[in-house]
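*Asks:* This is a predicted model, with the sequence first.
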Amino acid sequence: TIFPQIFDAITKYGITSRAFDNNLYSFKCYNPRDFTVDNYHRVDDKSFGGGPGMVMMIEPLEKSLEKAILDQNNQGVKKPLKVFLSPQGKTINQDLIKSLSCADGIIFVCGRYEGVDERFIENNIDLEISVADIVVSGGEIPAALIMDAIIRTIPGVVNDSESIQLDSFMDNLLDYPHYTQPKVYKGHSVPDVLLSGNHKQIKEWRLKMSLWRTKMRRPDLLIKRKLSKLETRLLNELAIDENH
């Protein structure tokens, strides 16, 4: 990245900062400008064939990548996964996060300007990833987003491991609604079941709300999920309630 300061959001704030300070993961930025040979530290040039915008040159990128690979090799990571953030890549989801979390090491390459020299991608990149069908100024914020999601899966990062399992998209269900004090705010009350103290009923209500939200907002996720008998019953109840 030519803007390493952006990653202060990961290493200096919140859960990911504490995990970094506790050495639960390691992180280092490599700036392609440090691997240039001219006095201006240029990392971009005009595109062959014309057209708008500038293109990141292959040599500074490749040299910085080689240094990143060497450092990971010295830490015992034999073959780090090389990821390029790109709107043309595979769209990220929780299943892909789980897969990435199993990698021994990852190197994220963050492009800027109009793009990067295609030869760099063809010769060096293992996986292209997109965070959404949108265009942003560079790969840094998408990379930080993916890093945050991966770091959360590391044992010890999140104090309550159960909260990770209940997050949205885990097991192809959206999260249920959450409530806290006060019990009544501007005439809006917390659902009675959450105040009942009946943990079985609360658990069933939360599952039902997760199923409802997923059905209404992301029905594609339910197609991937193997429904239990209880979930099938709850969905049938939801269908009856909806018809009435």
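*Replies:* Noted; the coordinates are in hand. Residues are numbered from 1 along each chain as shown.
*Asks:* Buried residues of stretch 66-83, list them for me.
*Replies:* Under the neighbour-count criterion of 16 or more other CB atoms under 10 Å, stretch 66-83 has 68, 69, 71, 72, 77, 80, 81, 82, 83 buried. The C-beta positions use only the backbone N, C-alpha and C, and glycine is treated the same way.
*Asks:* of these, closest to residue 48?
*Replies:* Nearest to residue 48 among the buried residues of stretch 66-83: residue 82, at 24.4 Å, using CB to CB.
*Asks:* Against residue 137, how distant is the closest one?
*Replies:* 22 Å (CB to CB, to the nearest Å).
*Asks:* can you give me the helices in the chain?
*Replies:* For the chain, applying DSSP state H gives helices covering 8-11, 14-21, 58-74, 94-100, 118-124, 140-151, 161-165, 199-217, 219-224, 229-243.
*Asks:* which of the ones you listed is buried the deepest?
*Replies:* helix 140-151 (a mean of 20; mean count of other CB atoms under 10 Å).
*Asks:* list the helices and strands that helix packs on?
*Replies:* helix 8-11, helix 14-21, strand 81-91, helix 94-100, strand 106-109, strand 127-130 (3 or more CB pairs under 8 Å, 6 or more residues apart in numbering; DSSP states H and E).
*Asks:* so what strands line up beside the third one?
*Replies:* Looking at strand 81-91 with DSSP bridges, its partner strands are strand 106-109 (parallel), strand 127-130 (parallel).
*Asks:* same question for the last one, mean pLDDT?
*Replies:* On average, the pLDDT along strand 127-130 is 97.
*Asks:* Can you give me the buried ones in it?
*Replies:* 127, 129.
*Asks:* Tell me how far it lies from the chain's centre.
*Replies:* The chain centroid and the centroid of strand 127-130 are separated by 12 Å, computed with CA atoms, centre = their mean, to the nearest Å.
*Asks:* start the count at 20, not 1, going forward
*Replies:* Happy to do that; since the first residue is 20 now, the last one works out to strand 146-149.
*Asks:* Send over it as CSV, restricted to the C-alpha atoms.
*Replies:* Listed next in CSV are the C-alpha coordinates belonging to strand 146-149 (Å, rounded to 0.1, in the frame of the first residue of the first chain):
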residue,chain,number,x,y,z
LEU,A,146,-6.9,-14.7,-5.5
GLU,A,147,-8.8,-11.5,-6.4
ILE,A,148,-11.4,-10.4,-3.9
SER,A,149,-14.2,-7.8,-4.1
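*Asks:* Point out where this structure drops to low pLDDT.
*Replies:* Applying pLDDT under 70 to the chain flags the ranges 179-189, 262-263.
*Asks:* can we see that at 50?
*Replies:* 181, 185, 187 (pLDDT under 50).
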